[in-house]
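> Structure of the sequence below:
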Amino acid sequence: MIIIMVLCLLIATVLAAVFALLFLSADSGIMGYLVSAMAETETEKRDDLQAELNVLIAELRASGAGQPGKPPIEKSVQKKAQKLKKQIEECEKRIASFGKNGAGLLDLPALAGYRVMQIAKMDNNNGFVASINGKCLQFKEQREAMKYTYYVISSLIGNALLGVCLLFLGIGLGLAMGLGTKALVIGVVLFAVFAILGYLPYDAVNAKIRIRAEEIEHDFPRVVSKLALLTVSGLDVNGAWNLVAESDTSTLYREMQRVTVDIRHNITPVEAYSRFIRRCANSYTTKLATAIMQNLSKGNSEIVKLLRNLNAESWSEYRHSAKRRGEQISSKLMIPTLLMFAGILILIIVPVVGGFNF
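As a prediction, this is how the structure comes out:
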């Protein structure tokens, strides 16, 4: 036991020295890079919350709720608005804190992770880095995406290194205090805390991609239906695209608006639609954008047929997808149902076996 204790403390000391060396050797530019990435993330979160609040306010104004002679604003709507305002204020406080105080204490392990990436020369040629960067490109511009990619990976590396150090330190100190097997629990808990902290930014990227994909998949059939209807009515593709893009504020519509903005800023239509394909990363949006690029010079006769076919195909897939989601929900409800059934059986069988002797 003593040998294990000494070995754990020795490993923890070496890892702590390595972590400190990596942390101290990180230059001031890395700190600025880290703070910039976190500030941009908070700014985007604040803007999304503000957009959601603006939509809620617009809906209230349109309905006239709270106005004289109109129904009062529902309490659930009031609570939602208050919650959004509070979240926006919290984001603004964090953004101000980044500008004034820099990174927080829990964000500092990422500095050591940055240094590891520098030493290992991990760039976009690395498969893992390229994979994360590809995901970030779906909701960030190229420069910001690369910056956030480095932050996500450095957070994983830095917190993992610190977590392993604390794992051995916790085990060693626990054994020194005579805690026995509890020492292992202490070490594992310390490692788990920092492993989770390092994983959170990576999980946030995956969660954002998953939500975006679901929103795009949900909105696409309606978008292509509107485009088909407008082009059949005689409107040109660009006019139909712009009109549909301004008809809503959800993810797919915002991406369509970005295409319009890119074209207005003298970016070629091919490049603008290529960016749209990359950001949406959906097979149907790829088909739509590709069809538009290939038929920009052919007029509405060809694109109308393509939009009709894509409309029928997307709605068919939408129905199948809804059916799959229903089956998934049913399978998830199976376990709670079985547990309830088991509980009912216990309530019935126990009194019978016990002869109703409570």
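
> When you work out contacts or count neighbours from here on, use the C-alpha atoms and nothing else.
OK.

> Settle this for me: Arg279 is touching Gln138, isn't it.
Yes - using CA atoms under 8 Å, Arg279 is in contact with Gln138, at 3.8 Å.

> hey, what's in contact with both of these two?
When CA atoms under 8 Å, 6 or more residues apart in numbering defines a contact, no residue borders Arg279 and Gln138 alike.

> Give me the neighbour count for Lys135.
Other residues near Lys135 come to 19 when the count uses other CA atoms under 10 Å.

> What average pLDDT does stretch 79-92 get?
On average, the pLDDT along stretch 79-92 is 87.

> mind checking how far that stretch is from the chain centre?
Here stretch 79-92 is found 19 Å from its chain centre; the criterion is CA atoms, centre = their mean, to the nearest Å.

> Ignoring the adjacent residues along the chain, who's closest to Thr290?
Nearest residue to Thr290, sequence neighbours excluded (CA to CA, 6 or more residues apart in numbering): Tyr273, at 7.8 Å.

> per-residue confidence for that neighbour?
91.

> quick one: low-confidence ranges for the stretch 251-358 of the chain?
Applying pLDDT under 70 to the stretch 251-358 of the chain flags the ranges 297-301, 324-325, 327-333, 350-358.

> 50 - rerun?
The model of the stretch 251-358 of the chain has pLDDT under 50 over residues 358.

> Next: the stretch 101-250 of the chain.
Residue ranges of the stretch 101-250 of the chain with pLDDT under 50: none are present.

> got the domain boundaries for this structure?
Using automatic domain parsing, the domain ranges for the chain come out as 2-62+98-208, 214-319.

> which stretch among those domains comes nearest Leu339?
The minimum distance between Leu339 and the domains of the chain falls on domain 2-62+98-208, with 29.3 Å, by CA to CA.

> Ends of that closest one, what's the gap?
48 Å (CA to CA, to the nearest Å).

> chain center to it: distance?
Worked out by CA atoms, centre = their mean, domain 2-62+98-208 lies 16 Å from the chain centre.

> For Leu288, see how far away Thr260 is.
When Thr260 is compared with Leu288 (using CA to CA), they lie 15 Å apart.

> Next one: Tyr253 relative to Glu44, how far apart?
Taken as CA to CA, the span from Tyr253 to Glu44 is 17 Å.

> Please identify which of the two sits among more neighbours.
For Tyr253 versus Glu44, neighbours defined as other CA under 10 Å are more numerous around Tyr253 (21 against 15).

> ok, now which ones touch the more buried one?
Taking CA under 8 Å, 6+ apart as the test, what Tyr253 contacts is Val244, Ala245, Glu246, Ser247.

> Repeat that for Leu162.
Counting by CA under 8 Å, 6+ apart, the residues that Leu162 touches are Leu15, Ala16, Phe19, Pro109, Phe191, Phe194.

> which of the residues you listed lies closest to Ala62?
Nearest to Ala62 among those, with distances taken as CA to CA, is Phe194, at 47.6 Å.

> Work out the gap between the strand or helix carrying Pro336 and the centre of the chain.
Element membership for Pro336, per DSSP states H and E: helix 300-353. Its chain's average C-alpha position is 24 Å from that of helix 300-353, according to CA atoms, centre = their mean.

> So which elements touch it?
Here helix 300-353 touches helix 182-232, helix 283-294, going by 3 or more CA pairs under 8 Å, 6 or more residues apart in numbering; DSSP states H and E.

> Now do that helix against helix 182-232, angle only.
140 degrees (axes from the mean of the first three to the mean of the last three CA atoms, to 10 degrees).

> just the angle between helix 300-353 and helix 283-294, please?
Using the same axes, to 10 degrees: helix 300-353 against helix 283-294 is 180 degrees.

> about what we covered before: of the contacts of Leu162, buried ones?
Leu15, Ala16, Phe19, Pro109, Phe191, Phe194 (16 or more other CA atoms under 10 Å).

> Among the contacts of Tyr253, name the ones in helices.
When DSSP state H is applied, the contacts of Tyr253 are split such that Val244, Ala245 fall in helices.

> which of the contacts of Tyr253 has the most neighbours?
When neighbours are counted by other CA under 10 Å, Ala245 leads those with 22 neighbours.

> Spit out the contact partners of it.
Contacts of Ala245 (CA under 8 Å, 6+ apart): Tyr253, Arg254, Met256, Gln257.

> Now do it against Val224, distance only.
11 Å.

> sorry, back to before: what strand or helix carries the residue nearest to Thr290?
Going by DSSP H and E, Tyr273 is in helix 269-280.

> What residues of that helix count as buried?
Quick answer for helix 269-280 (16+ other CA under 10 Å): Pro269, Val270, Ala272, Tyr273, Ser274, Arg275, Phe276, Ile277, Arg278, Arg279, Cys280.

> Of those residues, which is the nearest to His320?
Nearest to His320 among those: Cys280, at 20.6 Å, using CA to CA.

> Ignoring the adjacent residues along the chain, who's closest to that closest one?
Using CA to CA, 6+ apart, the nearest residue to Cys280 is Gln138, at 6.3 Å.

> Hmm, Ala240 and Thr260 touching each other?
No - look at Thr260 against Ala240 with CA under 8 Å: they stay out of range, at 11.3 Å.

> burial measure for the residue nearest to Cys280, as a count.
Gln138, neighbours per other CA under 10 Å, totals 21.

> Can you classify it as helix, strand or coil?
At Gln138 the chain is in coil, as set by DSSP: H, G, I helix; E, B strand; the rest coil.

> which ones are touching it?
Residues in contact with Gln138 (CA under 8 Å, 6+ apart) are Ile209, Arg278, Arg279, Cys280, Ala281.

> Spatially, which pair of these is furthest apart? Let me know, please.
Pairwise distances across the contacts of Gln138 peak at 12.4 Å for Ile209 and Arg278 (criterion: CA to CA).
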